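Visitor: Predicted model and sequence follow; I will ask about them next.
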Amino acid sequence: MAAQQLAHITLTEYELRFLNTVPARQVYQLRHNRAVAALTGRKIDHDLADTARFIYQAFAAAQHGDYFTWGIMDRKTDTFYGLVQLWHFRHQAADVGYEILPQWQHQGIMRTILPQVANLAFTQLAVKCLYAVTGAINYPSRQLLETSGFQLDQNYHETFATKQQPALLMVRYWLTSA
């Protein structure tokens, strides 16, 4: 599927938009948040220039079909909630990831979006297995994955280290197409 067809996806309550159409300052608020970064094992963006580079890289990768990163927007208010991403495409498998601004967490946003993004991966991108990696102590994310039908991979044991988190134990979940 051409990246152009994936640039703007309209869902019932939300829109998924490539990041080049989302205000960079809003993306920066998420990417600069230490708590969100610590839960995902990534580094924070120190300034708006870091975020601009991230947005540019995400857009370039989407144009090549390497990975797809969308801003999650409210359809009515145009409020930015966070990001969702499909990446690491290999052998009919891919990874899904997401980050939500703290003030919008636990509002059911990803409970609505995750199944629809999984369906998009299965039906439009020929993915047969979708993986999600999250922090072992990120219980809300783990519960979201489990209620969305993902199964815990008992054989996956990884630890990530960043400046914010010296040792973050990660767990992996998987979901296959029906």
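Guide: All right, it came through fine. Numbering: from 1, shown residues only.

Visitor: drop to CA atoms for contacts and neighbour counts, all remaining ones
Guide: OK.

Visitor: contacts for stretch 137-146?
Guide: Applying C-alpha atoms under 8 Å, 6 or more residues apart in numbering, the contact partners of stretch 137-146 are 39, 106, 110-111, 132, 134, 136, 151-152, 169, 173.

Visitor: among these, which ones are buried?
Guide: Those of the contacts of stretch 137-146 that meet the buried threshold are 39, 110-111, 132, 134, 136, 151-152, 169, 173, by 16 or more other C-alpha atoms under 10 Å.

Visitor: Next, count neighbours for the spatially closest residue to Asp74 that is not a sequence neighbour.
Guide: Leaving aside its sequence neighbours, Asp74 sits nearest to Tyr14 (C-alpha to C-alpha, 6 or more residues apart in numbering; 4.7 Å). Close neighbours of Tyr14, defined as other C-alpha atoms under 10 Å, add up to 22.

Visitor: From Asp50, how far out is Gly65?
Guide: 22 Å (C-alpha to C-alpha, to the nearest Å).

Visitor: likewise Leu125?
Guide: Leu125 is 29 Å from Asp50, where distance means C-alpha to C-alpha.

Visitor: quick check: mean pLDDT across the lengthiest strand in the chain?
Guide: Across the chain, the strand with the greatest residue count (assigned by DSSP state E) is strand 80-90. For strand 80-90, mean pLDDT is 96.

Visitor: That one: what's the following helix or strand?
Guide: Counting by DSSP states H and E, the next helix or strand C-terminal to strand 80-90 is strand 93-100.

Visitor: returning to what we had before: check pLDDT for the contacts of stretch 137-146 and point me to the minimum.
Guide: For the contacts of stretch 137-146, the least confident entry is Leu39, with 78.

Visitor: can you list contacts of the worst-scoring helix or strand of the chain on mean pLDDT?
Guide: Across the helices and strands of the chain, mean pLDDT, DSSP states H and E gives its lowest value to helix 3-6, namely a mean of 76. By C-alpha under 8 Å, 6+ apart, the list of residues contacting helix 3-6 from outside reads 18, 62-65.

Visitor: which of these tops the neighbour count?
Guide: Ranked by neighbour count (other C-alpha under 10 Å), the contacts of helix 3-6 have Phe18 at the top, with 25 neighbours.

Visitor: and the residue nearest to Pro102 when sequence neighbours are not counted, what element?
Guide: Here the nearest residue to Pro102 in space, its sequence neighbours aside, is Val36; by C-alpha to C-alpha, 6+ apart that works out to 7.4 Å. Using DSSP H and E, Val36 sits in helix 34-40.
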